[in-house]
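Q: Let's see this in three dimensions:
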Amino acid sequence: METTYFYVDESFQQKQGYWHCNIGGMLLGSAQAVDVEIALETDLLQRAKSAGLLMPVSECKYSNFLRGTPDDFKIEVCKSFASLLIQHEARFLVSHAKCRNSQLGLFKGLTPALAIQQLAHFNVVSSYLAKLTDQGVVQVIVDLGLSEAFRPVYNVYAGAIQSIPNLVAQGIGNDQITIPNFRRLPPPVFMDSARSRILQFSDLVIGLLLSRELNAMTNFKQSLFEAIEPLLSITSFHSVEWNANVA
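A: Purely as a prediction, here's the structure:
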């Protein structure tokens, strides 16, 4: 049975009375993971050496994309990474949530940033990953980050499945658990994105997709988006406006 790795990061922002969040990232067969990390790192270092850039090359995350390198180099790397990922049969899954500021107040005890993350993540394991878990195990790999509020962030990803063993032990039937194929969703693994070009680039993709949703593209971001545009053909994007009908 094949295991699929799902490299997850998030990007969220408030704009014009709404909070928005993208959660998601790259889907990759576990047997491909090391080869793809090597391919991305090799491509980046070779291009950096050819351009006469200082080593090591910085992270390629959305908020800190290859800092200290020229813009044309960044665009070149995006194009190359997109091509490499298509060659390696990677895919992307992104869940977008939006909610009016006033409606996020319903989530007592949560900041708006955490509440919108909860909403963006809500359908991921219960719906969007269902076809994959029909076929095999899906291991979620989450950017550890450096947030002081790590426990609430952890609960966003682990909360949906962490109570299942206790429920089953108490006699709750499989048909009463709303997460399909829950036995093929082990607890998430958290890793430092500084160690993974896959996680870094996943963050860039979801960040650019969020900018597109918000109509917040600068000229530079538009250039980056056009460079990764081939990845849209292998991206599953789901968008939900929560509480849209509440007055």
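
Q: how about the strands in this protein?
A: 3-15, 18-29, 60-61, 64-65, 91-100, 137-143, 189-191, 235-242 (DSSP state E).

Q: highest average neighbour count across those?
A: Ranked by mean neighbour count, these are led by strand 18-29 with a mean of 24 (mean count of other C-beta atoms under 10 Å). In short, each C-beta sits where N, CA and C put it, glycine included.

Q: And the residue lying farthest from the centre of the chain, how close does it get to residue 165?
A: What lies farthest from the middle of the chain is residue 171; by C-alpha atoms, centre = their mean that is 34.2 Å. Per C-beta to C-beta, to the nearest Å, residue 171 is found 13 Å from residue 165.

Q: just for the protein, where's the confidence low?
A: 146-151, 160, 169, 246-247 (pLDDT under 70).

Q: would you turn the strands of the chain into JSON lines with distance to residue 75?
A: What follows is the strands of the chain, written out as JSON lines (distance: least, C-beta to C-beta, whole Å):
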{"stretch": "strand 3-15", "distance to residue 75": "20"}
{"stretch": "strand 18-29", "distance to residue 75": "20"}
{"stretch": "strand 60-61", "distance to residue 75": "12"}
{"stretch": "strand 64-65", "distance to residue 75": "10"}
{"stretch": "strand 91-100", "distance to residue 75": "19"}
{"stretch": "strand 137-143", "distance to residue 75": "24"}
{"stretch": "strand 189-191", "distance to residue 75": "28"}
{"stretch": "strand 235-242", "distance to residue 75": "19"}
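
Q: Minimum distance to residue 223: which of those has it?
A: Ranking the strands of the chain by distance to residue 223, with C-beta to C-beta as the measure, places strand 64-65 first at 11.6 Å.

Q: Residue 214 and residue 12, how far apart?
A: In terms of C-beta to C-beta, residue 214 sits 11 Å off from residue 12.

Q: same deal with residue 192?
A: 20 Å.

Q: just residue 89 next, same as before
A: Distance from residue 89 to residue 12, by C-beta to C-beta: 29 Å.

Q: repeat for residue 33
A: Shown here: residue 33 relative to residue 12, a distance of 27 Å by C-beta to C-beta.

Q: Equivalent analysis for residue 96, please.
A: Using C-beta to C-beta, residue 96 is found at 10 Å from residue 12.

Q: Give me the common contacts of those two.
A: The contact sets of residue 96 and residue 12 overlap at 20, 21, 22, 120, 210 (C-beta atoms under 8 Å, 6 or more residues apart in numbering).
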